[in-house]
Each structure stands twice: as C-alpha cells, then as structure tokens.
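> whatever this is, show me its structure:
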Amino acid sequence: MMKKRDFIVASVSLLVLGRPFCGQAQFSLTGQLRTRTELRDGYGTLEIKGNTPAFLTSQRARLNFNYHSSRVIFQTSLQDVRVWGADASTINNADGNRLSLHEAWADIILANAKDSTLPGNAVEYFSVKIGRQELVYDDQRLLGNLDWLQQARRHDAVVFKLLHKGWQADLGAAFNQNSDAIGYNGTYYTPANLPPYVKDSKGNLAPTPAAMIPLANTAGLSARTGSPVLATAAGTNGMNQDYKSMQFLYLAKKFGSTRIAGLAFSDEFAKYSLDSVKNIAGADTGYIYGRRFNHSGVNARFTTGALLSSQLGQRKDWTLQAGYYYQMGKSKDGAGLGAYTTTLSLGYARQNFIWTAGWDYVKGGFDPLYGTPHKFWGSMDYFYAASGSPAGGLNNPFLKGKYTSSGGRFSAELAYHYFAFADDQKDSKGNLLSKYLGSEVDATLNYGLNKITTLELGACWMAATTSMEYAKGITPGSARLNAGWAYLQINIRPDFFSK
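So this is what the prediction gives:
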C-alpha cells in the first residue's frame, strides 16, 4: 500500500513531468518570500515624548498556482504573514494561525474572437471571474491590491469582464456574510475579524460578545494619554470595517495616446448601535463597550468619477494625469456625505530619469475606498492608511524624481510631500488651527541582486507641526514633531518551472 508521503511525491512529480504534454493549457508555479526589517520612530503617527523607537521584521510567504487554458484561467495563492518572533519557537493551538488564502478564483472565458473553437463570438472577449481576487484598476488610487502591506488586499466577488473595439467594461458585485450555519437567520453582518477575548473596563479578560466590535477607546479620550483631544475622522474603510455588499462598473477607452477611465462604485455597510455588556469577574464588575451589528438595513454610499492619462510631446516623454471623484450617500457610520477628491500630475521622462510634479486634494469626509494609499500620500502612511485619515481632509502638493540604470537593475527615488488640511479646523477651545501639517521626504533605493531577488532600502523623515497632533488625535504638546522611519526589504520571487 502506497504511503501518504510517497503519494504526494508521486503526484508532484507527475504534475511537473506532465506539464509539457498539456496541449494548449499552461501551468505555472511561483512563490514569494518577502521580509521587511523596520526601524520605526514615528511611522504612521507621531511618537509621544519619552517613547523609544520600535525595531521589527515582518514576513510574507506566498505560493501561487496558475492554470491557463482557452476556456478557463484558474489561480490559487496561499499566503502566510507574520512578524518574526510573534510565535514561540514551540507553538500550540492558542498561538493562532496566520496561514490564509489570499486568492482563489476562476476566470471562465465565454467569448474570445481569437479562438475559433468558441462559438458565437459577438464580442472580442467576455469572461466572468468568480472567487477571492484582487481588484486592481488604473493607478490603484481607489481600487488596488495594497501590495505594500504584507497582508495585501483582496475581495470575495464576481466580476464580468468585457473587451470590445478598444473598450473595457467590468461589472462586479459582492455580498458578505459571517456564517452559513443552519438557524443563522437574517443577513446581519459583523464586519471585522475579532479576537476571541477582550478586556473589560476593569481590565479583566472576557469572551468577545457576539455581533459586537469592542471599542478600543470608550470614553472619548486619547488612546495614548487619556486626555480629551480633537475628534478625528474614522479610519478608512479598508482599515477596520468591511462592507456588507458592493457593486461597481468600470469603463475605459483609449483614444490615441490618451486613456479615459470612469468608475461608479457603490458599497453598503451594516448598521450598528453603541452597546455595553456587563462582565462579572470575581469581585469585579466591568463592562465591555462596543458597536453591536444586529440591525436591519444598511448605510449606502456611492462614489463616481473619472481619470485621464495622456502621453504628450513628439517623443511621448511627457505624461499628464488628471482625475476627479465625488462621494455621496452615507458613510459606514451613517454620516451624510458630499465630498470629493482631485488629482493632477505632470511627468517628464528623459533618458534614465523621470521627474513628476503633482497635487492631490482630498476633501474632508472623502474616503479613498480600497486603494493603495502607500503610493500617493507619503511612504510613512500618515494618511488614509492603517492610522486613519484627518477630519480636515488633505491638501498634498508633491515632487518626485527617479533614476533607473540602463539595464534596470538599479533605481533610486526621492520624493517630497507638503501636507496641509483641506478644510479649516479648530482646536478644543475654538481656536483656528494652522492648515500646515508638515513635510515628508522619502528616499528609496532598489537593486536587483539576481533575476529573482531584489533588495530595497528606504529612509523617510517627517517634520510635523502642532496641527499634526490634532489631526492624529494626540494631546497637544505631548508628541515629538520630528519623526523617522527606515527599512530594508528583501523580495525573493522564484518561478519553479523556469530554468
């Protein structure tokens, strides 16, 4: 009788050896190991005076399987994300599981004008993509895979994809639910991954209440100092609350060297109420405060706009990008919306250099959906990333310069960001704040060690003002206004079937 180990070895060998005989089908097996060692002294938010810098290494490991035939494209991406040392050298089940399925989708090809074996091709290309997948469009300003984050971003969705006479049209939808258990009634949705236990108001550990997301800050005080602070905007949607459902339509067309893309995106969020649960632990009686998601109905939001990209000049060495997006309806917290964002940039490429000057303006209340904020608003991720967004929006002129060697093996980039409130803001005493938040300088070096290994070294500096303390919800005068961050990243991406 064949042992399990021998069966696995035989199966893998058959898969590898059988690959050349798959006819028109193609199979690929790739991987990634990406480690990032960081020195954080004000990354994401200002450090409180007296705090010491943090030093850590995080890691992403991926194994990607892809099958491509004339009828279907199938991909699965297994992913493990962790911080070095977060697990003991000998672990047990209580230490948790960081292995996840980043992608698992199939793209069913229903029409392809280039394939005569497919009947009735009224359009050039039409397919339906089903499953866990990345949504990446345009420059990833509103929809992106957030690849910089080790966990990255994906959606459980269905997307219909059409290509015809230079037009691209994608229609997508998703509907989220927590459980498929028998007797699980209604469609109530708790939009977060919750820990099994949480501390009550007395510091006692207690099971996390059902359908509730506990509040980290229940008294309206600064989580860092316990002092009253200026109210700040809630974190971005991709940060702490998933949608209940979403639908989008993406249209794009290229006219010569100009491409115009439009997006209409609707997402709906489960309604909640503030609630508390009593917890008795011995002689202590504490409370767990949180948002309870057991209400019918949703808060619906709608975002629409367009992005223009064009190559200019006789040699096409100038690049113009301009975009505008408007947001209406209600936020995930039920607040009325009527906000917008604009972007404008001009780039010039000559020989090995690219220079870019631009301006991003994000009106207070606008949320940049599920994009890749690390690309746009400073590498230190002070805005619209893990640390949330300022209540006063963001005004961000920027300058960037990049050099790439002739062989593409080495590159160096330097970027400058000027940050300011988009709207007037007042402190807790009613005094008008300075709009200027601070300036950031980002320096990045990339070097290809070999064809599968890349080294990246980054160093960033933030010179902030006291207005940044208000924007980040920090008690005035308690933070160091100069911040820094440095990292070394090693990215290894093998193709296991490549020589």
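> what about S58, which SS state?
strand (DSSP: H, G, I helix; E, B strand; the rest coil).
> who does it bridge with?
R36, V83 (DSSP bridges).
> for it, what are its contacts?
Counting by Cβ atoms under 8 Å, 6 or more residues apart in numbering, S58 touches 35-36, 38, 81-84, 150. Placement of C-beta: from N, CA and C, glycine included.
> dump the residues you listed into CSV; add pLDDT as well.
Converted to CSV, these look like this (pLDDT from 0 to 100):
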residue, pLDDT
T35, 98
R36, 98
E38, 98
V81, 93
R82, 92
V83, 93
W84, 94
Q150, 93
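> can you tell me which of these are buried?
Buried subset of the contacts of S58 (neighbour count, 16 or more other Cβ atoms under 10 Å): 35-36, 38, 81-82, 150.
> and the nearest residue to K363 once chain neighbours are set aside, how many neighbours?
Spatially, and ignoring its direct neighbours in sequence, K363 is nearest to A339 (4.5 Å; Cβ to Cβ, 6 or more residues apart in numbering). By other Cβ atoms under 10 Å, 20 other residues sit near A339.
> on that earlier part again, okay, the contacts of S58 in a markdown table with distance to K49 next?
Formatted as a markdown table, those follow (distance: Cβ to Cβ, whole Å):
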| residue | distance to K49 |
| --- | --- |
| T35 | 31 |
| R36 | 27 |
| E38 | 21 |
| V81 | 32 |
| R82 | 31 |
| V83 | 26 |
| W84 | 29 |
| Q150 | 30 |
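> out of those residues, which is nearest to G282?
Within the contacts of S58, the smallest distance to G282 is 33.6 Å, found for V83 (Cβ to Cβ).
> from G256, how far out is the closest one?
48 Å (Cβ to Cβ, to the nearest Å).
> next: S116.
Remark: distance between S116 and G256 (Cβ to Cβ) = 31 Å.
> and R153, what is it in contact with?
Contacts of R153 were listed using Cβ under 8 Å, 6+ apart, and they are 134, 144-146, 238, 370.
> count of residues packed around the closest residue to P207 other than its chain neighbours?
Take P207 and drop its neighbours on the chain: the residue closest to it by Cβ to Cβ, 6+ apart is Y197, 6.0 Å away. Y197 has 9 neighbours, counted by other Cβ under 10 Å.
> what about the protein, any weak spots by pLDDT?
1-24, 89-98, 216-240 (pLDDT under 70).
> tell me which stretches of it form helices.
Taking DSSP state H, the helices of the chain run over residues 4-18, 237-240, 466-471.
> who touches the last one?
Contacts to helix 466-471, defined as Cβ under 8 Å, 6+ apart, come from residues 46, 229-230, 232, 382, 390-392, 419, 421, 425, 427, 433-438, 475-479, 481.
> buried subset of those residues?
46, 229-230, 232, 382, 390-392, 419, 421, 425, 433, 435-438, 475, 478-479, 481.
> quick one: which of the residues you listed sit in strands?
Cross-referencing these against strands under DSSP state E gives 419, 436-438.
> re the thing from before, and the contacts of R153, which two are furthest apart?
Farthest pair in the contacts of R153, by Cβ to Cβ: E134 and G238, 12.8 Å.
> list the buried residues of stretch 407-426.
Quick answer for stretch 407-426 (16+ other Cβ under 10 Å): 411, 413, 415, 417, 419-422, 425.
> distance between the ends of it?
52 Å (Cα to Cα, to the nearest Å).
> again with stretch 470-490
First residue to last in stretch 470-490 (Cα to Cα) measures 36 Å.
> buried set for it?
Across stretch 470-490, burial judged by 16+ other Cβ under 10 Å covers 470-475, 478-479, 481, 483-487, 489.
> stretch 273-288 too?
Buried residues in stretch 273-288, counted by 16+ other Cβ under 10 Å: 275-277, 279, 286, 288.
> kindly report the same for stretch 367-384.
Quick answer for stretch 367-384 (16+ other Cβ under 10 Å): 367-374, 376-384.
> cool, stretch 133-153 as well?
133-135, 137-150, 152-153.
> same check on stretch 150-165?
For stretch 150-165, by 16+ other Cβ under 10 Å, it's 150, 152-155, 157-163.
> check stretch 183-195 too.
188-191.
> can I get those in CSV with distance to M246?
CSV is the format used below for the buried residues of stretch 183-195 (distance: Cβ to Cβ, whole Å):
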residue, distance to M246
Y188, 17
Y189, 12
T190, 17
P191, 12
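> closest one of those to R71?
Lowest distance from R71 to the buried residues of stretch 183-195 (Cβ to Cβ) belongs to Y189, with 34.7 Å.
> between the buried residues of stretch 183-195, which sits nearest K244?
Among these, Y189 lies closest to K244 (Cβ to Cβ), at 4.9 Å.
> wait, the closest one sits on Q177?
Yes: judged on Cβ atoms under 8 Å, Y189 makes contact with Q177 at a distance of 6.3 Å.
> so how far is stretch 112-124 from its chain's centroid?
Averaging C-alpha positions (Cα atoms, centre = their mean, to the nearest Å) puts stretch 112-124 36 Å from its chain's average.
> how about stretch 467-478?
Relative to the chain's own centre, stretch 467-478 is displaced by 25 Å; criterion: Cα atoms, centre = their mean.
> any buried residues in stretch 50-59, and which?
Judged by neighbour count (16+ other Cβ under 10 Å), stretch 50-59 contains these buried residues: 58-59.
> now swap in stretch 313-331 and tell me
319, 321, 323, 325-327, 330-331.
> now the residues you listed in CSV, with distance to L205?
Formatted as CSV, the buried residues of stretch 313-331 follow (distance: Cβ to Cβ, whole Å):
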residue, distance to L205
T319, 55
Q321, 51
G323, 48
Y325, 44
Y326, 45
Q327, 40
K330, 35
S331, 32
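> OK, contacts around Y361?
By Cβ under 8 Å, 6+ apart, the neighbours of Y361 are 341-343, 393-396, 422.
> 6 Å instead?
Applying Cβ atoms under 6 Å, 6 or more residues apart in numbering, one finds that Y361 lies in contact with 342, 395.
> for it, give the beta-bridge partners.
In this entry, Y361 is beta-bridged to T342, N395, by DSSP bridges.
> ok, now how distant is it from G172?
28 Å.
> what's the local residue count around L249?
Using other Cβ under 10 Å, L249 is surrounded by 15 other residues.
> in the sheet, who's paired with it?
L171, A264.
> how much space separates it from R291?
31 Å.
> can you check L312 too?
49 Å.
> likewise for V123?
Taking Cβ to Cβ, one finds V123 at 45 Å from R291.
> tell me which of these two has more neighbours.
R291 (20 against 16).
> let me know how buried the nearest residue to the more buried one once chain neighbours are set aside is, in neighbour terms.
Setting aside the residues directly before and after it, R291 is nearest to Y272 in space (Cβ to Cβ, 6+ apart), at 4.2 Å. Close neighbours of Y272, defined as other Cβ under 10 Å, add up to 23.
> got the contact list for Y272?
Contact partners of Y272, counting by Cβ under 6 Å, 6+ apart, are 291-293.
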